[in-house]
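The sequence isn't on hand, but the structure is:
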Ligand SMILES: Cc1cc2nc3c(=O)[nH]c(=O)nc-3n(C[C@H](O)[C@H](O)[C@H](O)COP(=O)(O)OP(=O)(O)OC[C@H]3O[C@@H](n4cnc5c(N)ncnc54)[C@H](O)[C@@H]3O)c2cc1C
C-alpha cells in the first residue's frame, strides 16, 4: 500500500451528524487534536433531514388532527388548514442555520474542519479532497442512505429527504419501517 504522509491528529472523524459531533467534541474537550470531515453541509441527518425538521411537520399535523377531532365540541375548525409553503419556510428557519452554527461550534472547540468526501488511503490515513489526515484513532460516523427497493414503480417513490423539500403538497402515501400511512392535502 502506498504510504501517505498527512497532517497528524489524535482523532479523525468522518461525518458531522450526532454520532460524529459527540465523539469529536468529547475528545477535543479532553485536549485531543481532532479533525472532522463531511461531504455534505455540516449537521448530519437528524438536524438537517431527519428528526428535527420531521418534528416541525408532525407538530403541524398533530394540530390539524386535534382541530378535526374537536370540531363541533367547542372548536370552530372550518378555516384551519396547512399552508405547506409557509410550513416549509418555518421548517427551514430551524434547518438553514445548522451548518454554519455547527461549523462555528467545531471551531470554538478547536476542531479542524474539512469539506469533502473522505476515503481511506492507508490504515490510519484519510484523504479529504487534497488533504491527507492521519489519525491515531479514526471514527467513521457516516450514517445511512436509503436502500434501493428494486420493485416496479420505484421511480415514483419520494424519499423522506425529497419530501421535506417539496414545494407543494398534493397527496402522498408514506411508508417507513413499521409504518404505512396516507396523507392528503386540501390544497
Ligand atoms: C426523516 C427522518 C426522521 C427521523 N426521526 C428520528 C427521530 O425522531 N428520532 C431519532 O432518534 N432518530 C430519527 N431519525 C434517525 C436519525 O436521524 C439518525 O439515526 C441519525 O441522524 C444518525 O446519525 P449519525 O451521526 O449516525 O449519521 P448522520 O447524521 O446521517 O451523519 C452522517 C454524515 O456523514 C456524512 N458522510 C457520509 N459518507 C461520507 C464520506 N465518505 N465522507 C464525508 N462525509 C460523509 C454524511 O454527509 C452525513 O452528514 C430520523 C431519520 C430520518 C431520515
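That came through fine. If you're wondering where the values come from, they're calculated on a predicted model, not measured in any experiment.

Walk me through the domains of the chain.
Using automatic domain parsing, the domain parsing of the chain gives 7-143, 146-187.

what mean pLDDT would you report for the longest one?
What that stands for is domain 7-143. Mean pLDDT, computed over domain 7-143, is 97.

picking that back up, right, so the domains of the chain: which one is the most enclosed?
domain 7-143 (a mean of 17; mean count of other Cβ atoms under 10 Å). Every residue, glycine included, has its C-beta placed from N, CA and C.

Is that one in proximity to the ligand?
Yes. Counting by Cβ under 6 Å from any ligand atom, the ligand has neighbours in domain 7-143: 14-20, 37-40, 44-46, 49-51, 54, 117-118, 141-143.

Would you pull up how far that domain lies from the middle of the chain?
5 Å (Cα atoms, centre = their mean, to the nearest Å).

Show me what the longest strand along the chain is packed against.
Across the chain, the longest stretch assigned as strand under DSSP state E is strand 131-140. Judged by 3 or more Cβ pairs under 8 Å, 6 or more residues apart in numbering; DSSP states H and E, strand 131-140 is in contact with strand 7-14, helix 18-29, strand 34-38, strand 125-128.

Output these as a markdown table; include the columns distance to residue 152.
Converted to a markdown table, the helices and strands packed on strand 131-140 look like this (distance: least, Cβ to Cβ, whole Å):
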| stretch | distance to residue 152 |
| --- | --- |
| strand 7-14 | 36 |
| helix 18-29 | 35 |
| strand 34-38 | 35 |
| strand 125-128 | 39 |
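
Please identify which of these is closest to residue 76.
helix 18-29 (41.6 Å; Cβ to Cβ).

Check the gap between residue 160 and the ligand for me.
For residue 160, the distance to the ligand (Cβ to the nearest ligand atom, to the nearest Å) stands at 4 Å.
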